[in-house]
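**Q** Below is the structure, and that's it, no one-letter string:
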């Protein structure tokens, strides 16, 4: 950007927004230049703006448009695909200060809020009113509702309760020309015209800026009962998953940990993982007959040749089993600490039809060997959605190259097994080229047409989702 | 259409399709000229084509395009908004002969089928494999999956199990230029690009012709327990609905019958309706603890001043209670038979936030009085979705005028109460003008832009959804 544009743009922004809402200090530009994706080639923003009102968002869009400057909407930057990475000379439009919960409506089981509300805060606020907002992405304690909607985020309990998209009733969006558009409804049902709401969900800030959301809620979830089963192979664990699904169970969590992850938690000294194993399943039920449900699923794990099955006897024991799932990150951190160099990790995201899960795990194990990488795979097995985490030394160019190649190899494996390149993280910049391999040419063309329709000047988050 | 176009078009169709697939006899043109909507100003098709393969559908689209003839996709013609009404000189593209179930996949809980499969047939076929396809529109014994998807159909059990849209994982669509497009996936989760699948759902044949669907399935539903409660007023019944929702119950049916309907069934001599009442609730639960669930909901009905509450003691009694819901149509028919003239009925469809339900019922009662019409209202109370049925003599021009005005008045009331002009029937031609009252101008413009993007020549189902 030339100085001749930067100066009047900043002047216009400072005119329209309070001073504290326009950040240009180097450390702020650094901080807001990228999300949590690895390999992102993030650019440098000219400024970070943090509006507090819809009108201020409109002013930002209008100013950016007047000076032909791209706008990158941003939440808590926990995204893992680079969708919130800055592009050179852009305005980063941080939505974190629009964080009000506007309305909780128990009679209609819905909540209306601004996009910057932290997911866990929203969940806590509705829980106080005796309601539940189920979507629970791994970063739910820091990520924002706006980001969840923009990426179409998932989580652990999706296997029973669905993903973020399933809870979005309506949105208010500021379009690329600065106009405000309301889409969707406050009613449970509605089929009045084409579904624009679902088009904005998962559009990663490329079609409009979400400034308000109306979300469906559910009754509170009953306490869960849990079991943990160790298996001699990924395919035995996959068999157990298939058997659980075939028998008609609807668990509230159905998580799979591969051999590497199982061993890493075992190395931390967790008693349930003491004997290792090639794969571990952690299964929960919050059905009204949870104890019976868990007993039946435990039997299916045994039938699938589990090495051991621990069905929690009560609530406290169940909490202990579910806590084991949260040991994945500490275990990986401990492992990383033992490695030399500037160790980092990336979390991949692929989804395959449920019955191809074990094959994908086996393929990932082969990929780890082939590229000489440490890959720990955990996944939402009930959804066929796996997250292989690659731990590598980013100060070692060869390790970075191998990690990038493994990233691609995992997506290729996912597609080969009839799956998708992203189950819940989105496309961003990291999977942009892969989108063209997943979608048919005509589908890709229509995606581009849609982008052009909503944002003819390519102002909103350019280069994300589509090249 | 001029004869000069009609002749070569028919020749081209007979070249591309088997003779039996091209119908031009008067009785066939009559039969296929309209769906089940009242007031529709259906045109006359030049031919009805019934392809059996995707390639034949493409040939039909190509021929229609070559001769500039509009195409109206059609399923079982049970739609209630005129979306499948013929337009003058069009080709009716009846999908009923593409009725194969292509694959049932229990491990991944999905089914792949052609659009002409009858919904009940699909449900029966997957039930044989131990699975369940929940969506149950009232016409499910005759309507087709393609029509359900095209209109975004709902049903009785939506309150717990969601609507048709929630089950559509992927679609194959023939576009307006004859190209085939696959959208969506076979995986449970997926966020690769903009959600084109949801854009086609509910698009009423205006964006493309659905030729295949991949649908999610569920485990079988357990047997339901039911209760029936009579109330002294619609607002008391509305209170009970709110209390049931607030207490966190998730009933598998939560149906409301207004005073007129209650009296009509009572007149048939149904024992559960013997004492009449201003409103009746029929509630079911298929939770694992259904008996307890129903007992708790019965108590809430009593707290809401129910005149009487009958909680079924077992499965047989529950079936009897749920059967009462199916008495609505026979009761209306009996009532209609007692009226003079050429009696007909239309079934309206509006949805409001759940807690405005009683207000809407009261408004409809006022509208019935104002226009001197017999209006019987039943509804999916748990979804805030009401179906007022207006019974009138269509040989009486004044009655027709009053019925039309009541139709509009009911939609106006729905919008005024914060609702939508259609919960599950769609827009078609009947609610087209009302769409502009529900959507903001910019939203309507975007809807038009989308139509133009997918169908620049306006070939597919012109005049439906959008004028």
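**A** Noted; the coordinates are in hand. Predicted, not measured: the structure shown is a model, and the values here were computed from it.

**Q** Look up how far residue B:356 lies from the residue in the stretch 1-150 of chain A that chain B sits nearest to.
**A** In the stretch 1-150 of chain A, the residue found nearest to chain B is residue A:107; the distance is 3.9 Å by CB to the nearest CB. Where you see a C-beta, it was placed from the backbone N, CA and C, and this is true even at glycine. The gap separating residue A:107 from residue B:356 is 9 Å, by CB to CB, to the nearest Å.

**Q** again, but for residue A:213
**A** Computed as CB to CB, the residue A:213 to residue B:356 distance reads 21 Å.

**Q** domains of chain A?
**A** Using automatic domain parsing, the domains assigned to chain A come out as A:3-94, A:101-216, A:225-416.

**Q** Throw those into CSV and include mean pLDDT, thanks.
**A** Output for these, formatted as CSV (pLDDT from 0 to 100):
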stretch, mean pLDDT
domain A:3-94, 95
domain A:101-216, 96
domain A:225-416, 94
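
**Q** for the ones you listed, which one ends up most surrounded?
**A** Comparing the domains of chain A by mean neighbour count (mean count of other CB atoms under 10 Å in any protein chain shown), domain A:101-216 ranks first with a mean of 23.

**Q** about what we covered before: any chance of the domains of chain A in JSON lines, plus distance to residue B:432?
**A** Formatted as JSON lines, the domains of chain A follow (distance: least, CB to CB, whole Å):
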{"stretch": "domain A:3-94", "distance to residue B:432": "30"}
{"stretch": "domain A:101-216", "distance to residue B:432": "10"}
{"stretch": "domain A:225-416", "distance to residue B:432": "39"}
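
**Q** For residue B:347, find the nearest of those domains.
**A** Nearest to residue B:347, of all these, is domain A:101-216, at 14.9 Å by CB to CB.

**Q** residues from the stretch 201-350 of chain A in reach of chain B?
**A** Within reach of chain B by CB under 8 Å from any CB of the partner chain, the stretch 201-350 of chain A has these residues: A:201-203, A:207, A:218-220, A:242, A:245-250, A:287-289, A:293.

**Q** among the domains of chain A, which is nearest residue B:409?
**A** Going by CB to CB, the one of the domains of chain A nearest residue B:409 is domain A:101-216, 17.7 Å.

**Q** end to end, how far does the closest one reach?
**A** End-to-end distance for domain A:101-216, by CA to CA, to the nearest Å: 14 Å.

**Q** do stretch A:176-183 as well
**A** 15 Å.

**Q** which other residues reach that stretch?
**A** Outside of stretch A:176-183, the residues within contact range by CB atoms under 8 Å, 6 or more residues apart in numbering or on different chains are A:54, A:58, A:61-62, A:65, A:170-175, A:196-197, A:200, A:208, A:211, A:454-457, A:459-460, B:440, B:442-443, B:446.

**Q** SS state for residue A:391?
**A** Put simply, residue A:391 is strand when judged by DSSP: H, G, I helix; E, B strand; the rest coil.

**Q** Show me what it is bridged to.
**A** The bridge-partner assignment for residue A:391, based on DSSP bridges, gives residue A:345, residue A:374.

**Q** thought it was touching residue A:377?
**A** No - between residue A:391 and residue A:377 no contact is recorded; they are 11.8 Å apart, counting by CB atoms under 8 Å.
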